[in-house]
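Asker: need a structure here:
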Amino acid sequence: MESKNKFWKGVLVGALVMAFAGLVIVGVSAGIFLIGKTVMDQPAQIVEESSVSTAGEGDLDFDRITEKMDYIQSIVSQYYLFEEDPERVEDGIYMGLMYGLNDPYSVYYNEKDYQSMLEDTSGEYCGIGAMVSQNRSTGIATVIKVFENAPAFEAGMLPGDIIYKVEGEDVTGIDLDLLISNYIRGEEGSRVKLTVLRGDSNEEVDLSIERRQIEIPTVEHEMLEDQVGYIYVMQFDQVTGQQFKTAVDDLESQGMEKLIVDLRDNPGGLLDAVVEMLAYVLPEDKMEGMLVYTADKDGKGDRFFCKDGTIQYESDYRQHNSAYPVEDNHELDIPLAVLVNGNSASASEVFTGAIQDYEAGVVVGTQTFGKGIVQSLLPLGDGTAIKLTTAHYYTPSGFDLHGVGLAPDVEVDLDEELKTKAVVEKSEDNQLMAAIEALDS
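Answerer: Alright, predicted model coming up:
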């Protein structure tokens, strides 16, 4: 019981303590990226501070801070019992600065962590085969999906399991990107011991899971009864747009008359992929062109359109805008339903918001997460980087969904007994059945 109390007490401070201590894609309140063309591509510059204080109203007084840091360091040097690690302390200073922004999405990455962040989004990784989300307010990382026949599935991991420890080390509060890349992924064939908390009683369950090379398709599709096409989009990465178009084409060749796009538990990803998908399904006569737009604190941002058979991109940050053709000027003029839940976030909400605004389909499920802000990954020029919240994004109608989410047109919660099942058969999926009924109404 004492260990449990320590865990839950640590939840509130874990984000700070563990930060200083140190795809599967993030979801829920984790740092879901709207990247692609929305990411600032100009690296931040390291500026040497002058000896004269430049602090103005609302700015940090670096002279005063430096003086206090010198004083604290002198105390540490004189009285601290153990050996000081200067590199670790310096990283902690930068992490503390980002933590002080009181924004759970803004993070400092040291050189090692930044290199881990640079892994591509090819859809292949050597891991355990589970999708994990993190509540940034508490630092708790929760399994939201276990892929069938993957190592995590074989080891008995279940949706709803809270990742408590890795190899005996409490990992609560560690940035989820780093938790996955630095703790859970590893050499193929090696094993990782995870301790999860399960159920209302928070029972500790130890799982020994083999790491394997895993290729998870970002898009899966099949034809259901009555010529209802079904496309599940797990996340939005570099290959998702083309995989989605291939799925649509295949279903159309089979005589598809209605379509369900399942974005449940989809944490987001690349904005380019969302735009490509929207341009492939939205009839041009149902849209005024705008697909999504962003705005920073000065009102500047990026705008995505689909006009005259091309996807057009305009940016206030660049001199030259761009456009590229929509493949075959395709549009999908059949009944459409989009399935969402509380883990549908960021780029998933871009897709859903455009469908709702243009009344191109019906949205079924539960309220989406409500992440309507953009993080940019900014290199600092010395091998380190920061991830910083830089803009809001808005649906075509101008709706700011951040902290609110999108309400479904047909609200239906997943049956309680299905929420912890590793595999939910389509025949028992009551949300899917509701989406099929909505297509008939």
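
Asker: need the contact list for the residue nearest to Asp161 when sequence neighbours are not counted.
Answerer: Leaving aside its sequence neighbours, Asp161 sits nearest to Val196 (C-beta to C-beta, 6 or more residues apart in numbering; 3.9 Å). The C-beta positions use only the backbone N, C-alpha and C, and glycine is treated the same way. Contacts for Val196 (C-beta atoms under 8 Å, 6 or more residues apart in numbering) come out as Val143, Met157, Asp161, Ile162, Ile163, Tyr164, Glu204, Val205, Leu207.

Asker: looking at the residues you listed, which is nearest Gly383?
Answerer: Gly383 has its nearest neighbour among the contacts of Val196 in Ile163, at 28.4 Å by C-beta to C-beta.

Asker: give the partner strands of the strand or helix carrying the closest one in its sheet and their orientations.
Answerer: Applying DSSP states H and E as the criterion places Ile163 in strand 162-166. Strand 162-166 pairs in its sheet with strand 140-146 (antiparallel), strand 169-170 (antiparallel), strand 191-198 (antiparallel), by DSSP bridges.

Asker: who touches it?
Answerer: 7, 132, 140-143, 170-172, 179, 183-184, 192-198, 202, 204.

Asker: list the buried residues of stretch 291-306.
Answerer: Using 16 or more other C-beta atoms under 10 Å as the test for burial, stretch 291-306 gives Leu291, Val292, Tyr293, Thr294, Ala295, Asp296, Gly301, Asp302, Arg303, Phe304, Phe305, Cys306.

Asker: for stretch 350-367, same thing?
Answerer: Across stretch 350-367, burial judged by 16+ other C-beta under 10 Å covers 350-358, 360-366.

Asker: show me the shaky parts of this protein.
Answerer: 1-58, 117, 119-125, 284-288, 308-309, 319-329 (pLDDT under 70).

Asker: mind listing the helices for the stretch 151-300 of the chain?
Answerer: Listed in chain order, the helices found in the stretch 151-300 of the chain under DSSP state H, counting those that start in this stretch are 151-155, 176-178, 240-253, 271-281.

Asker: most tightly packed of those helices?
Answerer: The highest mean neighbour count among the helices of the stretch 151-300 of the chain, using mean count of other C-beta atoms under 10 Å, belongs to helix 271-281: a mean of 25.

Asker: Thr390 is in contact with Asp103, correct?
Answerer: No - with contact defined as C-beta atoms under 8 Å, Asp103 does not reach Thr390; the gap is 10.8 Å.

Asker: ok, longest strand in the chain?
Answerer: Secondary structure of the chain read by DSSP state E shows that its longest strand is strand 385-394.

Asker: any residues touching it, and which ones?
Answerer: 31, 34, 38, 40, 44, 94, 98, 103, 105-109, 114, 117, 292-297, 301, 350, 372-380, 400, 402.

Asker: kindly recompute the last result at 7 Å.
Answerer: With C-beta atoms under 7 Å, 6 or more residues apart in numbering as the test, strand 385-394 has contacts from 31, 34, 40, 98, 103, 105-109, 114, 292-296, 301, 350, 372-380, 400, 402.
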